[in-house]
Structures are given as C-alpha cells and as structure tokens.
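K.L.:
Take this sequence and fold it.
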Amino acid sequence: MSNRRTFLKNSFLLAALGAVGIPFSSKGEIFPVNLSTLKKGKNKKNMFPLVISTWKHGLAANEEAWKVLINKGSALDAVEMGVRVSEADPEVTSVGYGGLPDRDGHVTLDACIMDHLGNCGSVAFLEHIMHPVSVARAVMEKTNHIMLVGKGALDFALSQGFKKENLLTPEAKLRWEEWLKSENYHPEPVPSEKNHDTIGMLAIDLDGNICGACTTSGLAWKYHGRVGDSPIIGAGLYVDNEVGGACATGRGEAVIKMAGSHLIVELMRQGKSPQEACREAIERIVRKQMDFESFQVGFLAVNKHGETGAFSISEGFEFALYHDNQNRLYPSDYYLKNK
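P.N.:
Residues are numbered from 1 along each chain as shown. Okay, here's the model as predicted:
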C-alpha cells in the first residue's frame, strides 16, 4: 500500500510540475533550477543567478560565467566571458580557435550578444579573431550598427585592439585535407558530420536581468561565405527581459527559416512554459521542413521566473545548467523519441 501511495504521490507531483511548465526527464528527474519555484517564502531573486548553455563544452563555459554572476556581475559580462572559454578551446572543433574550416580551408566565425535592454551586436564571416563574441559586443557598444561582416568586421576588430591570429589548428587542417581527398571538393557539407555544436548561452544575474550570447565556426566544409543562424538576432538568439530568452544550435538554415529563438520568446509571452515553447518550435520545423530527419536542431529557453526548457529534433542534444552551486549536464527531450 505504501508503494502504491508513493507512486500516486509522485505521479501527481510530476503532472503538476508539467502543468506549470517545469521540465523533468523521461525518468522523472526534475531539473533542479525549478525546484525553487515551489518553495514558499522565496522571492524571485532567490532563484538567481542561473546560467544555461548548449552541449558538453557548455560545462566549462558555465564555470566562467558563474564566477561573474556570484560576484554580483552582470549577465552580459557572464555570457561574454562564458562563451569565450569555448572560443579559445582547440578541442571544440565547432567554435572559434580549432573550428573546422570551410571548403576552401578558411576558419570563418559568427557570433552575437544581446543584453537585457534589447541592445545587440553581431559579427559574421569574420576571420583571424579568437573571440568574435567580444567583437560583437564592441559593435553593440561602440557603433550605431548591429551587424558587421567579413573584412569590415575584421577591420573594425583590429581598430579596437583585437589581435589577428591564425585560427586553423594543425588538427583542423589535417581533417580538412582528408576531407578534400575523400569528398573531392563536394560543394555541400557532409550530412553525417556532427560539426554544428554551436555554443549558445543564457544567463540571469542577481538583479534578475537576462542576457545571451551565441558563437560558432559554423558547418564544417561549408561554402566560403556561408553564414548560419548564430549571428542573426531572432534566429540563433533572442532576449526580451520582460519575458525570457532563447538560443539555438544545429542546422542554421532550418532555424533561420522560422526565426526560431524569437518564436520561442513570443510563445513564452503568450503563456507557454520554456519547455512547451521549445517543443512547439521544433514541431513547427517538423511540419514545415520535410527533410527534418536529415539534420539536428536544438533549442534552449529560460523565462523571467528562472524556469528552463530544452527540446531537439533527434536524440543527442545536451545542455549544461548551473544553479544552486551545481553545474550539471542534462539530455534534452526530443521529437523523434516516440516516432
């Protein structure tokens, strides 16, 4: 009888959590960030700070962001410093230094950043600069523009004191040369290549302000000049401090087509939880893009109350969540699980 009572109690609890948009795993594990919403007598500031980011390399990025947040720093500083960790890590072959090149052997970078006031900056098709997210922030804070691209972005970066560097590591160069031999300079990226692990990061600081950043080297072996969703405000990243924020990873073209991150924030504005909003965005891709099973897209979201959400097309998308002094990696729920 006690086991049955416990089972019923847990079932009712999970149902209640789902109803209010608090995500939990298929095994019934509740994501710890949302437990604070159930504690009586807690105000919103008790839920913060919080930082969430895409993929396993988000764990190291979260650590750096957390240092800023717990020392009463801004969410904007946190996301910039956080994703810079991935940008400088040669082991992360889809972001910054060590990123796999385009089909002509060039490492070209895309990044954007957005603050709680709606200000944003972006760079695309940028070469030779280790930290494109910091260049994007400089665009936001020191120009009247939002996006700079190509040589113009590089010239601006150099004028701001950024150092010009060779970002093509020996390992990345070797992989590119092997690709040239096997693919004979095929104009499209290899479909099976898992090289789209953009880092997107969202943070809430002690003042309850939400900011975000996104940075990537894009698809390996892409056409020279290709730009994905990561530097596009509303596609790879969007923040509205009244509502929440969202970011994307995966096949950028699919995200651009439906302005994915902006869609998720607007769905949260209409009352959906972050988890419900991420799921609906993925379901829209599935309905509108017939080849959805040939690529991966994953979304992350956080709302003003500190609730989080994650959803992807297929299995494999993971995200890192740092809250209550715990930095942990979680598997995302996904559309094809029950198909």
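K.L.:
How about the residue nearest the centre of the chain: what's its closest non-neighbour residue?
P.N.:
The centroid of the chain falls nearest to Gly200 when counting by C-alpha atoms, centre = their mean (2.0 Å). Of all residues not flanking Gly200 in the chain, Cys247 sits nearest, at 3.0 Å (C-beta to C-beta, 6 or more residues apart in numbering). (C-beta placed from N, C-alpha, C; glycine too.)
K.L.:
neighbours of that neighbour, just the number please.
P.N.:
Using other C-beta atoms under 10 Å, Cys247 is surrounded by 35 other residues.
K.L.:
Pull the contacting residues for it.
P.N.:
54, 200-202, 212, 214, 236-238, 261, 299-301 (C-beta atoms under 8 Å, 6 or more residues apart in numbering).
K.L.:
Quick one, grab the pLDDT at it.
P.N.:
Predicted confidence (pLDDT) for Cys247: 98.
K.L.:
Looks to me like the residue nearest to the centre of the chain is in a strand.
P.N.:
Yes - judged by DSSP: H, G, I helix; E, B strand; the rest coil, Gly200 forms part of a strand.
K.L.:
and it, how far is that from Glu178?
P.N.:
29 Å (C-beta to C-beta, to the nearest Å).
K.L.:
related to what we said a few turns ago, next, check the contacts of Cys247 against the helices and list the overlap.
P.N.:
Ser261 (DSSP state H).
K.L.:
Greatest separation within the contacts of Cys247: which pair is it?
P.N.:
Thr54 and Tyr238 (14.8 Å; C-beta to C-beta).
K.L.:
Met147: neighbouring residues, count only.
P.N.:
20.
K.L.:
Oh, that last question was meant for Arg137, not what I typed.
P.N.:
Residues near Arg137, counting by other C-beta under 10 Å: 26.
K.L.:
could you dump the contacts of Cys247 to a markdown table with distance to Ala111?
P.N.:
Formatted as a markdown table, the contacts of Cys247 follow (distance: C-beta to C-beta, whole Å):
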| residue | distance to Ala111 |
| --- | --- |
| Thr54 | 14 |
| Gly200 | 10 |
| Met201 | 11 |
| Leu202 | 15 |
| Gly212 | 11 |
| Cys214 | 7 |
| Gly236 | 9 |
| Leu237 | 10 |
| Tyr238 | 15 |
| Ser261 | 14 |
| Phe299 | 18 |
| Leu300 | 17 |
| Ala301 | 20 |
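K.L.:
Nearest to Met268 among the contacts of Cys247?
P.N.:
Closest to Met268, out of all of the contacts of Cys247 and judged by C-beta to C-beta, is Ala301, at 6.8 Å.
K.L.:
ok, and the most crowded of the contacts of Cys247?
P.N.:
These, ranked by neighbours (other C-beta under 10 Å): first place Cys214, 36 neighbours.
K.L.:
returning to what we had before: can you read off the pLDDT for the residue nearest to the centre of the chain?
P.N.:
The model's pLDDT for Gly200 equals 97.
K.L.:
Same check on the one 5 residues further on?
P.N.:
As predicted, Asp205 sits at a pLDDT of 97.
K.L.:
same check, this time on the one 5 residues further on
P.N.:
Listed pLDDT for Ile210 reads 98.
K.L.:
One more: Arg103?
P.N.:
93.
K.L.:
which SS state does the closest residue to it other than its chain neighbours fall under?
P.N.:
Counting by C-beta to C-beta, 6+ apart, Arg103 lies nearest to Trp221, which is 4.9 Å off, once chain neighbours are set aside. Secondary structure state of Trp221, per three-state DSSP, is coil.
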